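>>> fold the following, please.
(one chain, ligands or ions: 1)
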Amino acid sequence: MAMPFELPHQADGVTLDWQTGTMIGAAVQQSRKPLKDLAGIFRDEARRKQADPDTTVYQVQWWEPAATGSEGGLFWGVTTIFPGRVGEEYFMTHGHFHANRTRAEYYGTVQGEGMLVLMNANRQTWSERMVPGSLHYIDGRNAHRTVNTGDTPLIFWACWPTDAGYDYTTIREKGFGARVLSVNGKPALVPSHAENL
Ligand SMILES: [Fe+2]
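Take a look at the predicted model:
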């Protein structure tokens, strides 16, 4: 009888669980990002310090079948952002520009609900709604961050070029032009200059 789900035959094979997004295989790497590694990223730094520093905000699995920095290759990964907030701000990723602004990326939502926050070089910031099945094309010139606005984990796949690289510094120093905050119990993209109104 045929197996309903056969593992890939290649040595470095990676299997995707289409229900949960999980990546399985010896070549899969993973890391997690606890609150203590996100200093200065959330608006309410005092609240972040009050929370358990080991709380996992998000975790990532990824596969690097080609060398980082090599031209023409692609990476694949899955990110899980857990539900939670720091004050009124939903749990989210650090966010980054690509070091190489000509390199684009795809995100595809597996589970949960959230927002993909995008910002161009002029700091104009907007968002796309993430729901199961939503596919997001990210122009290489735009910074990107994902936010879990739901009560369950937000899980999404990503595919990006091996030579995209990361520019985290701009986000660490200046943030995005807007934040996703809970306003009257609902997620809203609030321009940074309006946060204190
Ligand atoms: Fe990226």
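>>> what bits of this structure have low per-residue confidence?
1-12, 194-197 (pLDDT under 70).
>>> give me phi/psi at residue 73?
Per-residue torsions, residue 73: phi -90, psi 170 (degrees, to the nearest 10).
>>> count the neighbours of it for me.
Residues lying near residue 73 (other Cβ atoms under 10 Å) number 15. C-beta: built from backbone N, CA, C; applies to glycine.
>>> for residue 97, same thing?
Close neighbours of residue 97, defined as other Cβ under 10 Å, add up to 22.
>>> wait, it sits on residue 145?
No. With contact defined as Cβ atoms under 8 Å, residue 97 does not reach residue 145; the gap is 10.5 Å.
>>> hey, what's in contact with both of the two?
Contact criterion Cβ atoms under 8 Å, 6 or more residues apart in numbering; residues shared by residue 97 and residue 145: residue 171.
>>> for residue 24, give its distance to residue 84.
The gap separating residue 24 from residue 84 is 26 Å, by Cβ to Cβ, to the nearest Å.
>>> which of those two has more neighbours?
Counted by other Cβ under 10 Å, residue 24 and residue 84 do not tie: residue 84 has more neighbours, with 16 against 12.
>>> which ones are touching the more buried one?
Neighbour list for residue 84: 55, 57, 90, 91, 148 [criterion: Cβ under 8 Å, 6+ apart].
>>> any idea how far it is from residue 176?
19 Å.
>>> got it, and residue 75?
23 Å.
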